[in-house]
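Participant: Predicted model and sequence below, questions to follow.
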Amino acid sequence: MSWLSKLLRPKLFRRTPAPDQNPDSIDTLLKLVADAQTAGAETSEHLAQALSEAGLKALGNGRPAHAARALTEADRFGFRAPELHYNIALALSRSGQSEAAAEAFARAQSDGPRDRAADSFALRNAYACAGLSLSDYRQMAENWAVHHVPQSPPRPPVSARGSHQPLKVGLLSGRFHRHAVGFLAVGALEHIDPDRLELHLFNNSRLSDDYTERFKAIAASWHDIRALEDDAAAQLIRNQSLDLLIDMGGHSAGGRLGVVMQRPAPVQAKWAGGQHGTTGVPALDYFVSDAISTPPAHDAFFTEAVIRLPHSYACYAPPPDAPPVTPLPAQEHDKVTFGCFNNIAKISAQTKEMWAAILHQVPSSRLVLKHAALNEGETRDRVRAEFAAYGVTPDQLILREPTGHQTHLGAYSDIDISLDPVPWNGCVTTCESLWMGVPVVTLPGEAFCHRHSASFLSTAGLTDWIAGSSEDYVAKAVAAANNLNRLSELRANLRSQLAASPLCDGEAFAQAFVDTCRRMVETEVG
């Protein structure tokens, strides 16, 4: 056995520091690749296993770019494990490489066996990729169901409660805390009249904060289901004799579609949280939306019946500790700063092309990107190189790492105008930008999650920030940058405008939400 083969024996590798303790461990392994190629099959096998283990550790420790390199090399060396290609796809997606991730997911799915959670991630990743139609998304969701949904159990009888008070409604989520679900739901739910609607919450998370306490305060009952298997969780929900169960997780992390599939309530609906487009799950009867997020012509592309709220599908509850709005930075620094604090996996080629055009047309302007994936040097280098291909110079691009939520909101003090990515727009990121006085230029697409910002901007009375084409998007951003007095005035008044709009009117939203819940139940009773 060669010295290299001895070094790479799995037993020895497991005694080396984990990548979070020694970030160079993967680089060290990669330097051995050339020697391993000439040292024989056994050595290559050991190196492949070592790279796979290092990649998984890096992925678990928040270093997806490192993980993608290690796992890709393990694959090239012939390492075989059912989950390898899924892990490669996950690492690529988390490091912001959506198109490459889609290819890796497709390979994983063709090689089999299929994994339910990973296929859900693949479905979410697809919404960041260009060139897909609403028909494609429905087909992908239905394909997910073919592989992962067992034969649906019979629908429980719909109670006569549908015509009485109060309606018993369950909410199922792993995000009852400071998360999109919290920010888009709790402010309205706190206004629900308990004599009209009784809320029972089923929590799938160990996280707890001030928003969790707000959710608990409105719950007629609170149930932690994180430790329960799907069967047991479904039976727990069934025992509550609900009229309606609302899923607030969908295909996202923390979702429990395995519970929803078992039909623990007679009427089931999808609402805020992991809401990208149709779920494909037969046991979900309704998809709660609005007329902008889901125009009537889009109904045919949902397996659920689309039901619409009168304004936006959600209601923003700003965090009470948000920093104050600051004066327009461009007037102090004599340069316009654009920003995007979205997941960099949403930054498509079309997005980069539009942003580059804006930077070229606004002298001395710059663009700030802020996201967790920018914590890794190789991701920062890749993003800079991708923008450089569109003529964006290093001094025009500022890349920032993640921070705590209050500091994250405070970072908008440096931003004059937010730029929405396409095709997948911002969601709570858009609301946060507006709350911090920073308007958002958006270009809506076709899918539900491609139209979040258009819905929020319309509800807030900011329709002039919604573009109709790529050219219009660029023109709107450039025009705004060239009228700093108007931009400064808007910044000073934007928070109060948002607070007074239906987007933050929890009381009105709550009444419409209760009416919508009753309509779903009574339709099924009828």
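Facilitator: Nice, I can see it. Numbering: from 1, shown residues only.
Participant: which intervals of the protein have sub-threshold pLDDT?
Facilitator: For the chain, the stretches with pLDDT under 70 are 1-24, 30-44, 158-164, 525-526.
Participant: Need the residue closest to the centroid of it.
Facilitator: By CA atoms, centre = their mean, the chain has its centre lying nearest to Gly274, at 6.7 Å.
Participant: is it true that His276 touches Gly255?
Facilitator: No - using CB atoms under 8 Å, His276 is not in contact with Gly255; the gap is 11.1 Å. In this view, the C-beta of every residue, glycine as well, is placed from N, C-alpha and C.
Participant: Could you tell me which residues make contact with Pro323?
Facilitator: Contact analysis of Pro323 by CB atoms under 8 Å, 6 or more residues apart in numbering lists Gln406, Leu409, Gly410, Ser413, Met436.
Participant: returning to that earlier point: just the element for the residue nearest to the centre of the chain, please.
Facilitator: Using DSSP states H and E, Gly274 falls within no helix or strand.
Participant: Now secondary structure and distance to Ala510 too, for the contacts of Pro323, in CSV please.
Facilitator: Compiled in CSV, the contacts of Pro323 are given as follows (DSSP: H, G, I helix; E, B strand; the rest coil; distance: CB to CB, whole Å):
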residue, secondary structure, distance to Ala510
Gln406, helix, 27
Leu409, helix, 25
Gly410, helix, 30
Ser413, helix, 33
Met436, coil, 25
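Participant: Most neighbours of all those, which one?
Facilitator: Neighbour counts for those, by other CB atoms under 10 Å, peak at Met436, which reaches 25 neighbours.
Participant: What sits closest to it if chain neighbours are left out?
Facilitator: Residue nearest to Met436 in three dimensions, not counting chain neighbours: Tyr412, with 3.6 Å by CB to CB, 6 or more residues apart in numbering.
Participant: got the buried residues for stretch 241-258?
Facilitator: Neighbour-count burial for stretch 241-258 flags 242-252, 254-258 (criterion: 16 or more other CB atoms under 10 Å).
Participant: Likewise for stretch 260-273?
Facilitator: For stretch 260-273, using 16+ other CB under 10 Å, the buried residues are 260-273.
Participant: same deal with stretch 182-191?
Facilitator: Under the neighbour-count criterion of 16+ other CB under 10 Å, stretch 182-191 has Gly182, Phe183, Leu184, Ala185, Val186, Gly187, Ala188, Leu189, His191 buried.
Participant: which of these lies closest to Ser488?
Facilitator: Phe183 (26.7 Å; CB to CB).
Participant: residue contacts, the closest one?
Facilitator: Residues near Phe183 by CB under 8 Å, 6+ apart: Tyr211, Tyr316, Ala317, Pro318, Pro319, Val428, Cys431.
Participant: can you put those in JSON lines and add secondary structure, neighbour count and distance to Pro64?
Facilitator: Output for the contacts of Phe183, formatted as JSON lines (DSSP: H, G, I helix; E, B strand; the rest coil; neighbours: other CB atoms under 10 Å; distance: CB to CB, whole Å):
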{"residue": "Tyr211", "secondary structure": "helix", "neighbour count": "22", "distance to Pro64": "27"}
{"residue": "Tyr316", "secondary structure": "coil", "neighbour count": "27", "distance to Pro64": "29"}
{"residue": "Ala317", "secondary structure": "coil", "neighbour count": "20", "distance to Pro64": "31"}
{"residue": "Pro318", "secondary structure": "coil", "neighbour count": "18", "distance to Pro64": "30"}
{"residue": "Pro319", "secondary structure": "coil", "neighbour count": "16", "distance to Pro64": "27"}
{"residue": "Val428", "secondary structure": "helix", "neighbour count": "20", "distance to Pro64": "22"}
{"residue": "Cys431", "secondary structure": "helix", "neighbour count": "27", "distance to Pro64": "26"}
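Participant: quick one: which of the residues you listed is nearest to Pro502?
Facilitator: Among those, Tyr316 lies closest to Pro502 (CB to CB), at 10.1 Å.
Participant: tell me the phi and psi of the closest one?
Facilitator: When read as degrees, to the nearest 10, the backbone of Tyr316 gives phi -80, psi 130.
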